[in-house]
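Visitor: I'll drop the sequence and a predicted model, then ask my questions.
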Amino acid sequence: MRVVTDWVEDSKTSYTDRWIKAIIHDVNQLEMTKVLSHYGVKFVKTTGNRAHAMCPFHVSKNHAGKKLGSFSVSIGKNLCYCFACQKGGNNVASYQLLFNCDEKTAALQIACDFGLITKEEFEKLSDVEYVKTEAKYDFQKYVKPKPVYQDEVLKVRTDTYEFMRDYFGLTDEDRELLEKKRALEPERIAADYFSIDTKSNPNKVTDFCAAFAKRFPEYASEMTSIPGFFEHKNKLTNSWKPSIMLFDGIGILIRDANGKIPGVQIRMKNLDVNGLRYKFMSYDYGDGSKGYNRGGCSCGTPIDVVYPDNITRDTMVCLAEGRFKAEILRQQGCIGISVQGVNNFNGIDLTLNAIEAKIGRQIKRLYIFYDADIVENPSVFKALMSLAQYLDEEKPGIDMYQMVWRMEAGKGIDDCILAGNRAMVRPIAMSKMKEIYDMSIKEATVIAGLEGVKPIDMTGEDRENFINAFQTLVCGELFP
């Protein structure tokens, strides 16, 4: 009897195993985008045969998983993969990664969640009570929203910042810097630039706020919702009064594609403690203000647009880093778009849409003028690749070109053109730039002897060897 009992139990186990294998197979046939969506993944874009979302396997408060771009699902193969964390697989494998469980548990849970097996069958096969799986994360909250400003908000900000420009005016010293060093035209200077010295003369703040309230009494209740404005508490009277951020430098009115002003950037007279020259007039006062400041808000990093005097069907649309570079491109007859930092291109598709509406035609080509040090800085080169991928997903159909020139011709395109080196600038198709980047990263890793070494484990010497190899490879491709 003992032998017979053992044989019956083995037969039952074998049947159960076959049943579970069949369930695993059926679960992996379910449409992956529907399975992952059920567990909270938010797909935001489909290009060709791929559906894109934030990676659900390494999303966290401070991790790169909050950035769209590296994770996608192959709709035809019904498989997913993330190039950032290098994780992925089929439905069962994805559930295992999401909920840190074994294969059997993952398969049975998905099968019951999607009605492939009954609750009773689930509990028979797993020996635990069935509880429907809730979404792992609210992935949508990690998606960085695109910068969209309401018309009434833009009107308030535009009125405010143009009043600020007129109130503070421009010193002779700053005008000379803009005219001679930056080669800006008088009408452009008058439109978008002013001097501010509230840091060295804080008493000017009170006078300015009073003048502003007199000019725009209708904005009195909205002042702390304007980037750069807040309320300060007087220690003696215990009362709150409007104030603005303190700067010494040149104010630059940042304009969107329709000429409205979402924010003001300050070119500071002196570098700050972090070595920065440019800052926005925006801050949200919270717990760090010790109770003496309140209100305020951020303007983010708005994208800036300047137009040439004449626009034709052949007018080039160009993107660079910073207003002064865009101004020089404008002088060359181009539409100049500037981002405030190579990674701050979120919403560039909306800007391009607005430009198309304004000029009445579709933008077919975009020329990118990231600085010449792109050939020796893997981080800047990577930012260019991210921009290209972003536009491929958000605004497909635009041919993109990176404009390249040797570093000795000038670091920025403004330096290059003002030095008379415009003829040294040439376009490289983005597809070719991607080939160069991928090849250079791979071969520089081999040359530096860093195969399999994680960036966090690299020494300073490792990074130096890698960057030197990267520079040599990129320059060899671009400037043979």
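Guide: All right, it came through fine. Numbering: from 1, shown residues only.

Visitor: For the stretch 251-400 of the chain, just list every one of the strands.
Guide: In the stretch 251-400 of the chain, the strands defined using DSSP state E, counting those that start in this stretch lie at 263-268, 278-280, 293-294, 304-306, 317-321, 335-339, 365-369, 399-404.

Visitor: packing partners for the host helix or strand of Pro427?
Guide: In this structure, Pro427 is located in strand 426-429 according to DSSP states H and E. Other helices and strands packing on strand 426-429, by 3 or more C-beta pairs under 8 Å, 6 or more residues apart in numbering; DSSP states H and E, are strand 399-404. No exception for glycine: its C-beta is placed from N, CA and C like everyone else's.

Visitor: give the contact list for Leu178.
Guide: With contact taken as C-beta atoms under 8 Å, 6 or more residues apart in numbering, Leu178 is in contact with Leu170, Leu184, Ile189, Tyr193, Ile250.

Visitor: give the contact list for the first one.
Guide: What it means is Leu170. The contact partners of Leu170, taken as C-beta under 8 Å, 6+ apart, are Leu178, Ile189, Tyr193, Phe194, Ser195.

Visitor: ok, Glu120 to Ile363 distance?
Guide: Taking C-beta to C-beta, to the nearest Å as the criterion, Glu120 is separated from Ile363 by 59 Å.

Visitor: The two: who's more crowded?
Guide: The residue with more neighbours, out of Glu120 and Ile363, is Ile363; 18 against 10, by other C-beta atoms under 10 Å.

Visitor: what comes into contact with the helix or strand just after the strand holding Pro427?
Guide: Where DSSP H and E defines the elements, the next helix or strand beyond strand 426-429 is helix 430-447. Helix 430-447 is contacted from outside by 378, 381-382, 384-385, 388, 399-402, 451, 465-467, 469-470, 473-474, 477-478, using C-beta under 8 Å, 6+ apart.

Visitor: so where's the stretch 151-300 of the chain uncertain?
Guide: 284-290 (pLDDT under 70).

Visitor: nope, the stretch 351-480 of the chain is what I meant
Guide: Within the stretch 351-480 of the chain, no range satisfies pLDDT under 70.

Visitor: quick one on the thing from earlier: may I see the PyMOL selection of the buried members of the contacts of helix 430-447?
Guide: Of the contacts of helix 430-447, the buried ones can be selected in PyMOL as follows, counting by 16 or more other C-beta atoms under 10 Å:
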select buried, resi 378+381+384+385+388+400+401+402+465+466+467+469+470+473+474+477+478
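
Visitor: Which parts of the stretch 251-400 of the chain are helices?
Guide: In the stretch 251-400 of the chain, the segments counted as helices under DSSP state H, counting those that start in this stretch are 323-331, 348-359, 378-394.

Visitor: Distance to Ala111 added to the ones you listed, as TSV?
Guide: Formatted as TSV, the helices of the stretch 251-400 of the chain follow (distance: least, C-beta to C-beta, whole Å):
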stretch	distance to Ala111
helix 323-331	56
helix 348-359	40
helix 378-394	33
